[in-house]
Each structure stands twice: as C-alpha cells, then as structure tokens.
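Trainee: okay, here's the prediction I keep looking at, along with the sequence it came from:
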Amino acid sequence: MKKLGKKTKRSSKNNIPHNKSSSTFQKKSNAKKIISEKISENIPQVNTQDKLNELLKDKQSLDKLKKYVDNNLSYDSIKFRNIIFKIGDVLLIQASNENLIGELIKIIPENGIKEYPFWPSIQVKWYYKKADIDRKKNNLINQQNYDALSDYELFPSDHKDIIYIESIINKCKVYTYEEYDNISETSELTFCTRENYEINTGLIHPKFDEWKKGCICQKPLNPDQLYIKCDKCNGWFHPKCCGIEESESNKIDNFICPNCKSLN
C-alpha cells in the first residue's frame, strides 16, 4: 500500500505566513518599498522607506550600503550576497506584511527606480497563494473544495513589479503537481503549481471544476494530504471518505475502495 502526498514535516526556519486581511495588490505594491532588515552589522536596520531616506543622508552609511551590492551585473544574472540569481529563478521576497514569491524576469542594472538610480533592481512576476484567491469567484466557498488546494500551492500570474534587489531573501523551488507528488521531503521553500491566476478577472485557469478529480468525494487531490491506493483499481482515496482513521491506514495490507466493493 502506497501513500500519496503527506510530505515529510517542513522546517519552520523560513515560515511563509498568509495574510488574509489585506488585498493582494496592496501587499505586492508594498514590496517595492521594503529592503531586507539587516544589510550589515555596522548599518542600522532598514525596513521602511523613511528609515532608508534617513540613511541615505549619511554619506558614510551610504558608502557602506553600496558595498553590499555587486556591480558586476549582466542582463541574465546578478550576484548579491554571494548568491547568483538568474532569470527564471523563483525568489522569496521580503515585504511588510508577509513574504512574497516571484519569478525573476528582468534585471535592471540602473535607473530601475527613479529615486535611487545607482541601485540595481529586478522585475518579478508574482505567484499568488491559496489565501490570495477569491473563493467565491472560483467555486472555493465549500470548505472541501478549498481543502483540495495545498497550503504550498502557487498560482503563476501576469502581475509584474519592479523591486529593490535588497528585497531578495532566498531562492524557492516550484514543481509541477506531478513532480511535487514524487518528492518525499520538502522544505518551507518548496512549492507546487497546476494552474494560473488572472489578476484582472480574479479567476484561476483551468477552472477548479475542470481539475482532475479523485476519491469517492470526487475532489481534486491535495498532494499534502494522505491518500491510500486501491489494490484493485489503483485509484487514490481519502481514508476518511472510506470510513478509515488516518492512524489506522498504515495497518491495512490490502485496500479495496468502496467503488470496487460495490462491483463485487
């Protein structure tokens, strides 16, 4: 008997919270004004635009700050804090309310942000999270539908922004649903995707109702939930939907799903 999903417990080191209280557009826009909190032990923490403006008035501090930006830039890669970031990399981005995730699509060596033309900047295309999706528009009001989405499921969008490179925290890994499902261990920086999000309409594509379904509940499968495989039809099923406690599922040697039982 094989289990589907139920990944090894993730580390909480890089916890990525969801914020349901503010709109996604506002959260994304905030990322433009935030740089990492600690650039140097010798420089005051910088996490707001006001603090940044104050710091820039001090030439000595400004010179120290510049040292942390590698000037050896090209249009397909950038080196920052001894890490090389390339076009196409998926990045964890620091913002005011929560950490965001975006794909690096353009590197702008100068003049990316008018107020600070000497700073390199990047353009990213945002991934939206489960908590960002309009549940009513996308037929996710039903809790069972909503639970079919993993908390680590991302929705590529057509929403782009230019941000400071200092907003970069780390790289992420984004896999297709099938790839992700075959990974035995994951981290807080590991995600999956199987649909896109259109910011103008607030809709996901393909529509939720068109996703591949499983189990007797006929809901899309969540790769981070526990499933058991039927030894007859090879289908995957929620233990709960079959009247089985999750804690008991490992003790079953041969599992025959309710659908196959009904055919006997």
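Mentor: Arrived safely, thanks for sending.
Trainee: CA atoms of stretch 227-244 as PDB?
Mentor: What follows is stretch 227-244, C-alpha atoms only, in PDB (Å, rounded to 0.1, in the frame of the first residue of the first chain):
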ATOM      1  CA  TYR A 227      -4.400   9.100   0.500                       C
ATOM      2  CA  ILE A 228      -4.500   5.300   0.200                       C
ATOM      3  CA  LYS A 229      -4.300   3.400  -3.000                       C
ATOM      4  CA  CYS A 230      -6.900   0.800  -4.000                       C
ATOM      5  CA  ASP A 231      -5.200  -2.500  -4.800                       C
ATOM      6  CA  LYS A 232      -7.900  -3.300  -7.400                       C
ATOM      7  CA  CYS A 233      -8.500  -0.100  -9.400                       C
ATOM      8  CA  ASN A 234      -5.300   1.800  -8.400                       C
ATOM      9  CA  GLY A 235      -7.300   4.900  -7.500                       C
ATOM     10  CA  TRP A 236      -6.400   7.200  -4.600                       C
ATOM     11  CA  PHE A 237      -8.800   7.800  -1.700                       C
ATOM     12  CA  HIS A 238      -9.000   9.800   1.500                       C
ATOM     13  CA  PRO A 239      -9.100   7.400   4.400                       C
ATOM     14  CA  LYS A 240     -11.900   9.500   6.000                       C
ATOM     15  CA  CYS A 241     -14.100   9.200   2.900                       C
ATOM     16  CA  CYS A 242     -13.700   5.400   3.200                       C
ATOM     17  CA  GLY A 243     -14.500   5.300   6.900                       C
ATOM     18  CA  ILE A 244     -10.900   4.700   7.900                       C
END
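Trainee: state the distance from the closest residue to residue 257 other than its chain neighbours to residue 224.
Mentor: Computed as CB to CB, 6 or more residues apart in numbering, the closest residue to residue 257 that is not its neighbour in sequence is residue 230, at 3.9 Å. All C-beta spots, glycine's among them, are computed from the backbone N, C-alpha and C. According to CB to CB, to the nearest Å, residue 230 and residue 224 sit 21 Å apart.
Trainee: next one: residue 241
Mentor: Residue 241 is 17 Å from residue 224, by CB to CB.
Trainee: give me the neighbour count for the residue nearest to residue 257.
Mentor: Neighbour count for residue 230, taken as other CB atoms under 10 Å: 19.
Trainee: wouldn't it be in contact with residue 252 here?
Mentor: No. The criterion here is CB atoms under 8 Å, and residue 230 misses it with residue 252 at 10.9 Å.
Trainee: give me the pLDDT value at the residue nearest to residue 257.
Mentor: pLDDT for residue 230: 90.
Trainee: which residue ranges form the helices in the stretch 151-264 of the chain?
Mentor: For the stretch 151-264 of the chain, helices defined by DSSP state H, counting those that start in this stretch occupy the ranges 177-181, 246-249, 258-263.
Trainee: just name the most buried of those helices.
Mentor: helix 177-181 (a mean of 16; mean count of other CB atoms under 10 Å).
Trainee: state the mean pLDDT of that one.
Mentor: The model assigns helix 177-181 a mean pLDDT of 90.
Trainee: show me what that helix is packed up against.
Mentor: strand 190-193 (3 or more CB pairs under 8 Å, 6 or more residues apart in numbering; DSSP states H and E).
Trainee: alpha carbons only: can I get the strand it packs on in CSV?
Mentor: Taking Å, rounded to 0.1, in the frame of the first residue of the first chain, the C-alpha atoms of strand 190-193 are listed here in CSV:
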residue,chain,number,x,y,z
THR,A,190,9.3,24.0,-1.8
PHE,A,191,6.0,24.6,-3.7
CYS,A,192,3.8,23.1,-6.4
THR,A,193,1.6,24.6,-9.1
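Trainee: who's in contact with that strand?
Mentor: Applying CB atoms under 8 Å, 6 or more residues apart in numbering, the contact partners of strand 190-193 are 10, 90, 101, 127, 150, 152-156, 172-177, 179-181, 183, 223.
Trainee: 6 Å instead, please
Mentor: Strand 190-193 is contacted from outside by 152-154, 173-175, 177, 180, using CB atoms under 6 Å, 6 or more residues apart in numbering.
Trainee: quick one: contacts for residue 205?
Mentor: Here residue 205 is in contact with residue 196 (CB under 6 Å, 6+ apart).
Trainee: with that, I have no additional questions.
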